[in-house]
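**Student:** structure of the sequence below:
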Amino acid sequence: MLVTLASLALPKARVHARPASARIQASLRTFRSFLDRRDLLAALCIAFLVSGGLVGFITYVGQWLNQRFGIPTASITLVFMVGGIASVVGAPLGGILSDRWGKRAVSIASNVLLALAVAVVPLFSWGTGLLLVFGLTGLGAAFRQGPLTALMTEMVPASQRGSFIAMRNISSQLGIGAVVFAGGILYARHGYVAVTTLCAAMTALVAVLLTTHITEPQPVGEQA
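**Tutor:** Okay, here's the model as predicted:
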């Protein structure tokens with residue numbers, strides 16, 4: 001309800017009516033054009049890896065804490081509270097620093113931080129150290145969200161952003177489904193360390209793709 005009311009305050013877009021078949025064909029051409037661009041294809045892969053890596057890590061953490069340390073549900077919520085507090089701090093800080101140092105640079109740094117934090121989680125015993133590492137995962141995840149989202153939306157013209165974000169969201173959902181499914185198999189056969197290894201590798205790959213395939217668009221006034 002709140003989202004619906006807030007959307008009414010947004011500026012109204014000027015839409016030129018076209019036959020349904022023409023709109024469908026134009027949309028298909030737009031989607032195909034995204035796949036023809038190396039950077040946009042990398043951005044879709046990044047969406048897959050970002051969402052899959054994070055949700056795969058979170059999905060099985062409660063089961064792992066209960067199974068390995070016998071932590072009751074009430075205490076497991078403490079882990080998510082710590083991560084949530086860190087996220088509240090990390091989200092605005094990531095946005096501020098990305099405006100100063102660049103969205104791509106901050107996105108790369110936050111993904112490296114998150115990959116390291118996720119990888120070492122199974123190495124800790126229950127206690128302050130583990131909670132601090134979970135705090136780092138929340139910080140890294142929130143730190144990258146704003147810069148990554150802004151960076152991806154700037155990669156296409158305004159007239160194509162709705163289509164691109166829709167395609168990006170599809171890639172994200174596919175990543176979540178694939179990694180949660182694979183994570184369940186890995187957890188059953190090899191334990192939580194296998195899940196965190198997969199998720200950490202996916203997160204590190206995001207940093208690699210950002211470094212090798214993504215160029216941050218410059219504002220018109222700053223272009224040579």
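**Student:** my read is that residue 145 contacts residue 91, right?
**Tutor:** Yes: Residue 145 lies in contact with residue 91 (C-beta atoms under 8 Å); the separation is 6.4 Å. The C-beta positions use only the backbone N, C-alpha and C, and glycine is treated the same way.
**Student:** what sits against the residue nearest the centre of the chain?
**Tutor:** Of all residues in the chain, the one closest to the mean position by C-alpha atoms, centre = their mean is residue 50, 3.7 Å from it. Residues near residue 50 by C-beta atoms under 8 Å, 6 or more residues apart in numbering: 144, 148, 172, 175, 203, 206.
**Student:** which stretches of the chain form strands?
**Tutor:** Counting by DSSP state E, one finds no strands in the chain.
**Student:** so where's it shaky on pLDDT?
**Tutor:** Along the chain, segments meeting pLDDT under 70 span 1-31, 218-224.
**Student:** related to what we said a few turns ago, the residue nearest to the centre of the chain and residue 142, how far apart?
**Tutor:** To residue 142, residue 50 is 12 Å away according to C-beta to C-beta, to the nearest Å.
**Student:** for residue 204, same thing?
**Tutor:** Taking C-beta to C-beta, one finds residue 204 at 18 Å from residue 142.
**Student:** more neighbours, the two?
**Tutor:** residue 142 (23 against 19; other C-beta atoms under 10 Å).
**Student:** is that one in contact with residue 88, as I believe?
**Tutor:** Yes: Residue 142 lies in contact with residue 88 (C-beta under 8 Å); the separation is 7.5 Å.
**Student:** give me the distance between residue 120 and residue 197.
**Tutor:** From residue 120 to residue 197 the distance is 11 Å (C-beta to C-beta).
**Student:** what's around the closest residue to residue 69 other than its chain neighbours, how many residues?
**Tutor:** Nearest non-adjacent residue to residue 69, counting by C-beta to C-beta, 6 or more residues apart in numbering: residue 126, 4.3 Å away. The tally of other residues near residue 126 (other C-beta under 10 Å) stands at 14.
**Student:** for residue 157, same thing?
**Tutor:** Neighbours of residue 157 (other C-beta under 10 Å): 8.
**Student:** and what of residue 131?
**Tutor:** By other C-beta under 10 Å, neighbour count at residue 131 equals 16.
**Student:** also the one 10 residues further on?
**Tutor:** Applying other C-beta under 10 Å, we find 27 other residues in the vicinity of residue 141.
**Student:** likewise for residue 124?
**Tutor:** 14.
**Student:** surely it and residue 130 touch.
**Tutor:** Yes: in this structure, residue 124 is within contact of residue 130 by C-beta under 8 Å, at 4.0 Å.
**Student:** okay, and the common contacts of the two?
**Tutor:** What both residue 124 and residue 130 touch, as defined by C-beta under 8 Å, 6+ apart, is an empty set.
**Student:** which stretches of the protein form helices?
**Tutor:** 2-7, 20-36, 38-59, 61-69, 73-101, 103-120, 128-153, 161-190, 192-213 (DSSP state H).
**Student:** tell me how far residue 113 lies from residue 65.
**Tutor:** Taking C-beta to C-beta, one finds residue 113 at 22 Å from residue 65.
**Student:** got the contact list for residue 203?
**Tutor:** 49, 50, 53, 54, 111, 114, 115, 118.
**Student:** perfect, I'm done here.
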